[in-house]
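Visitor: need coordinates for the following:
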Amino acid sequence: LSSARAPAGVEEHDYYFAVAMLDHSYWILGSVLGSVLGAALGLDTTGVDFAMTALFLVIAVGQWKKAGSHLPALLGGAATLLSLMLVGAEEMLLPALGMIVLALTALLVLAVVLVNGWTDAPNAIATAVATGVLPFRRAAVLAAVCNLLGVAGMTAYNATVAETLYTIADFGGDGRAALSALCAALCAIVAWAALAWRFGIPTSESHALVAGVTGAALAMPGGWANVQGAAWGRVLLGLGLSVTLGYWAGGFCHRLLVRLRPGAGLLRRGQVAGAAAMAFLHGAQDGQKFLGVFLLGCALTDGGRAEGVFSIPGWLMLLCAGVMALGTGIGGRRIINTVGRDMVSLSPGEGFAADLGGAVCLLFCTLAGLPVSTTHAKTAAILGVGAASGGPVNRGVAGGIALTWLLTFPGCGALGFLLARLFHL
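Guide: The predicted structure is shown next:
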């Protein structure tokens, strides 16, 4: 069925339905006849189990030779062996299936974390690169290290942001359907982020994550009742605060630096420190969000969210931090050009003011436990600096960024909803 192709002139849906129906009919009819005849004739079935094992082994070898990637087979084999060792041959099937689904969910979460480090983290170093204070490669390494420290350090101190994402939506009591919906949401986020990166637009993976998960939850039985209003309230509060506070803080820091008149060397060193602070706080914010989704996938695999104290294991912090650092190391020159050069032309002093304003905004929101977007905070701070300095602001670029922000919630939410429905078929 998986390799068959519908003949010319035949509807694919009807063809696959007929093949699947015949397959199930043969299986059911053969099982019934075999059971009846075996009981009536008293046949000796010794060795049939070996024949069936050999048959499935031959099928597995054939699929291995045809497959372009062996990762799914290796994951399945590892999960099966682990289940066999843990619970024995009689009870291994369900644990093995659960481990395979969990592994798939974990890979999707890590893919989203990688894409976030690739497309969202460059906002933290955009001004330092655009003003020539740091070359791109050194800035990417700096951001990768600070992202890692931010994920591990701030999550250990205050995990409220991760808990907000953990409780953003309810997927119902059917664990299999819930995991399928969560995987659909993660696929939607990756697709949205890749599309934004293709056009060099600094979209927010944070809000794409919220929208994708919520859209997938809406596709589940219960609809709007699955959306947790309190968690969404924190998201919307963080959205409004990050934009307004980032804009104000950027303008304030610029006016303050104009009064203090620091030297050029001090400004350049300050901008390096500001980029490091932005990257640290990006890890503190976005790393926590993906930790929350990772734990949600684990909870759904285990049958649902457990009541009690919300805690994050240290190894999971380090894993997400390392993957995000890898994504940052890959870099995102297009987004750096859009934010640091095309929207507003910045001097080193103005770049330092934008970094400082964005960092103040992110630090306040993170300590308050509000999930906010690094992209929104940094872009708003840059616009605040541009307005305070009286320099030219490219309204076309700024308008395109704002339009993408507005489309993220409905666009990624609709994509998550449609993929969840598709995966549920």
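
Visitor: CA atoms for contacts and neighbours, from now on please.
Guide: Noted.

Visitor: what mean pLDDT does the top helix by length along the chain have?
Guide: Across the chain, the longest stretch assigned as helix under DSSP state H is helix 264-301. For helix 264-301, the mean per-residue pLDDT is 80.

Visitor: with stretch 108-122 instead?
Guide: 73.

Visitor: Arg255: neighbour count?
Guide: Counted with other Cα atoms under 10 Å, residues neighbouring Arg255 total 16.

Visitor: which other helices and strands contact the helix or strand containing it?
Guide: Element membership for Arg255, per DSSP states H and E: helix 229-260. In terms of contacts (3 or more Cα pairs under 8 Å, 6 or more residues apart in numbering; DSSP states H and E), helix 229-260 is packed against helix 160-166, helix 348-367, helix 374-389.

Visitor: now those helices as JSON lines including mean neighbour count and distance to Arg255?
Guide: Output for the helices and strands packed on helix 229-260, formatted as JSON lines (neighbours: other Cα atoms under 10 Å; distance: least, Cα to Cα, whole Å):
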{"stretch": "helix 160-166", "mean neighbour count": "25", "distance to Arg255": "32"}
{"stretch": "helix 348-367", "mean neighbour count": "27", "distance to Arg255": "9"}
{"stretch": "helix 374-389", "mean neighbour count": "27", "distance to Arg255": "7"}
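
Visitor: now the ones you listed in CSV, with distance to Ala152 and mean pLDDT?
Guide: Shown next, in CSV, are the helices and strands packed on helix 229-260 (distance: least, Cα to Cα, whole Å; pLDDT from 0 to 100):
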stretch, distance to Ala152, mean pLDDT
helix 160-166, 12, 74
helix 348-367, 14, 85
helix 374-389, 17, 82
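
Visitor: out of these, which gets nearest to Ala325?
Guide: Proximity to Ala325 (Cα to Cα) singles out helix 374-389 among the helices and strands packed on helix 229-260, at 15.5 Å.

Visitor: and the next element down the chain from the closest one?
Guide: Trace forward from helix 374-389 with DSSP H and E and the next one is helix 395-424.

Visitor: give the buried residues for that next one.
Guide: 397-398, 401-402, 404-405, 408-409, 411-421 (16 or more other Cα atoms under 10 Å).

Visitor: that one - what's its average pLDDT?
Guide: The model assigns helix 395-424 a mean pLDDT of 78.

Visitor: can you state the direction angle for it and helix 374-389?
Guide: In terms of direction (axes from the mean of the first three to the mean of the last three Cα atoms, to 10 degrees), helix 395-424 departs from helix 374-389 by 170 degrees.

Visitor: which helices and strands sit right next to helix 395-424?
Guide: Using 3+ Cα pairs under 8 Å, 6+ apart: helix 395-424 touches helix 175-198, helix 205-218.

Visitor: mean pLDDT lowest for which of those?
Guide: helix 175-198 (a mean of 77).

Visitor: and that helix, how far from the chain's centre?
Guide: Put simply, helix 175-198 sits 7 Å off its chain's centre (Cα atoms, centre = their mean, to the nearest Å).

Visitor: and it, which residues are buried?
Guide: Neighbour count says helix 175-198 has 175, 177-194, 196-197 buried, by 16+ other Cα under 10 Å.

Visitor: export the helices and strands packed on helix 229-260 to JSON lines and tack on distance to Thr328?
Guide: Below are those laid out as JSON lines (distance: least, Cα to Cα, whole Å):
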{"stretch": "helix 160-166", "distance to Thr328": "21"}
{"stretch": "helix 348-367", "distance to Thr328": "18"}
{"stretch": "helix 374-389", "distance to Thr328": "14"}
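
Visitor: and of those helices, who's closest to Ile125?
Guide: Among these, helix 348-367 sits nearest to Ile125 (Cα to Cα), with 8.6 Å.

Visitor: angle of that closest one against helix 264-301?
Guide: Here helix 348-367 points in a direction 30 degrees away from that of helix 264-301 (the same axes, to 10 degrees).

Visitor: follow-up on the earlier one: switch the helices and strands packed on helix 395-424 over to a markdown table; also include distance to Leu281.
Guide: Output for the helices and strands packed on helix 395-424, formatted as a markdown table (distance: least, Cα to Cα, whole Å):
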| stretch | distance to Leu281 |
| --- | --- |
| helix 175-198 | 20 |
| helix 205-218 | 13 |
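
Visitor: quick one: closest of those helices to His282.
Guide: The nearest among the helices and strands packed on helix 395-424, by Cα to Cα, is helix 205-218 at 10.5 Å.

Visitor: which other helices and strands does that closest one contact?
Guide: Counting by 3+ Cα pairs under 8 Å, 6+ apart, helix 205-218 packs on helix 175-198, helix 395-424.

Visitor: which other helices and strands contact the first one?
Guide: Helix 175-198 is packed against helix 93-119, helix 205-218, helix 264-301, helix 395-424, with contacts defined by 3+ Cα pairs under 8 Å, 6+ apart.

Visitor: just those: most buried one?
Guide: Mean neighbours per residue, mean count of other Cα atoms under 10 Å, is largest over those for helix 205-218, with a mean of 29.

Visitor: name the element Ala8 belongs to?
Guide: Secondary structure assignment for Ala8, by DSSP H and E: no helix or strand.

Visitor: and for it, the neighbour number?
Guide: Counted with other Cα under 10 Å, residues neighbouring Ala8 total 7.

Visitor: before we move on, what about the one 10 residues further on?
Guide: Ala18 has 12 neighbouring residues, counting by other Cα under 10 Å.

Visitor: do Leu245 as well
Guide: For Leu245, the neighbour count with other Cα under 10 Å is 22.

Visitor: picking up where we left off before, flag every buried residue along the helix holding Arg255.
Guide: Residues of helix 229-260 classed as buried by neighbour count (16+ other Cα under 10 Å): 231-232, 234-235, 238-239, 241-255.

Visitor: what sits up against whichever strand or helix holds Gly150?
Guide: Assigned by DSSP H and E, Gly150 belongs to helix 136-157. The contact list for helix 136-157, computed with Cα atoms under 8 Å, 6 or more residues apart in numbering, reads 121-122, 124-125, 128-129, 162, 275-277, 279-288, 314, 317-318, 320-322, 324-326, 328-331, 333.
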